[in-house]
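K.L.:
build me a structure from this.
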Amino acid sequence: MISFFFRHFNYSFFDNIILVRFVRVFYLFQIKKDILKEYKYKEGELYKLLKSIHYLKTEDIVLGYKIYNNIVNPIDKDDYNNFIKSKNKNKDSYIFYNYIHTINDFYFNESTKLIINNSFLKIKTNINIPSFFYDLRVFDNIFVCDFNNNDYFLLSDTVYSPLK
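P.N.:
Sure thing, here's the model as predicted:
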C-alpha cells in the first residue's frame, strides 16, 4: 500500500511541478535509413507524411500504422531512458520517473518534459531549443516535428549537433 501511494505521489508531483505554459511540443522519430536517404532533400514531404499520420481519423488507424511502421524504427525505450538519465543525473534541475524526464531550470528559464514512448519521443517545453536536444543529438536519424507550429528538422543537421 505504501509503495502504491509513493508511486502515485511521485507521479502526481512530477505532473504538477511544471506550472508554466508549454509553448512547443516536439515529436522525435527515428527514421529508417533507407527512407531518410530517399527524403534527404525532401524533408518537407516527410514532415507532411508524418503529420497526416499524426492527425488520422480513427477509422484509418490500421492503414496509418502500416505506413508508420514502414517509415519509423521502433524506439528502444531502455536505451534512451538510461542514456538520458546518465547525462542528466547530476543536475539539480533534473528529475525522472519511469520514462518521463523533467528539467526545471529556473536559471535558464527552461521547463521541459521528455516522454519516451515505444514509437517516438515527445518533448513539451517552454523554449525553442530544449536541453534534451543536446543529449539526443548522438542518436542517428532523429527527425523532429512540431505539428502545432509546422516546424521540422533533422536533429543531426542542426547547429547543436556533435562535431564529427
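
K.L.:
looking at the chain, which helix or strand is least sure?
P.N.:
Least confident helix or strand of the chain, by mean pLDDT, DSSP states H and E, is helix 2-17 with a mean of 40.

K.L.:
which SSE is immediately downstream of it?
P.N.:
Following the chain from helix 2-17 toward its C-terminal end, the next helix or strand by DSSP states H and E is strand 24-30.

K.L.:
now that next one: average pLDDT?
P.N.:
Strand 24-30 comes out with an average pLDDT of 95.

K.L.:
right, and the helix or strand after it?
P.N.:
The next secondary structure element downstream of strand 24-30 (using DSSP H and E) turns out to be helix 33-38.

K.L.:
helix or strand right after that next one?
P.N.:
Past helix 33-38, further along toward the C-terminus, the next helix or strand under DSSP H and E is helix 43-54.

K.L.:
pLDDT averaged over that next one - what is it?
P.N.:
92.

K.L.:
got the angle for whichever helix or strand comes after it vs helix 43-54?
P.N.:
For helix 43-54, the following helix or strand on the C-terminal side (DSSP H and E) is helix 61-71. Interaxial angle of helix 61-71 relative to helix 43-54 (axes from the mean of the first three to the mean of the last three Cα atoms, to 10 degrees): 150 degrees.

K.L.:
output the contacting helices and strands for helix 61-71.
P.N.:
helix 43-54 (3 or more Cβ pairs under 8 Å, 6 or more residues apart in numbering; DSSP states H and E). The way it works is simple: take the backbone N, C-alpha and C, and place the C-beta from them, glycine included.

K.L.:
so which bits of the helix it packs on are buried?
P.N.:
Buried residues in helix 43-54, counting neighbours by 16 or more other Cβ atoms under 10 Å, are found at 43, 46-47, 50, 53.

K.L.:
gap between that helix and the chain center?
P.N.:
Relative to its parent chain, helix 43-54 has a centroid offset of 16 Å by Cα atoms, centre = their mean, to the nearest Å.

K.L.:
can you give the contact residues for that helix?
P.N.:
For helix 43-54, the external contacting residues (Cβ atoms under 8 Å, 6 or more residues apart in numbering) are 27, 29, 31, 35, 39, 64, 67-68, 71, 143, 145, 147, 152-154.

K.L.:
and those, which of them are buried?
P.N.:
By the neighbour-count criterion of 16+ other Cβ under 10 Å, these include these buried positions: 27, 29, 31, 35, 39, 67-68, 71, 143, 145, 152, 154.

K.L.:
and which of the residues you listed is nearest Phe108?
P.N.:
Closest approach between these and Phe108, by Cβ to Cβ: Tyr27, at 23.1 Å.
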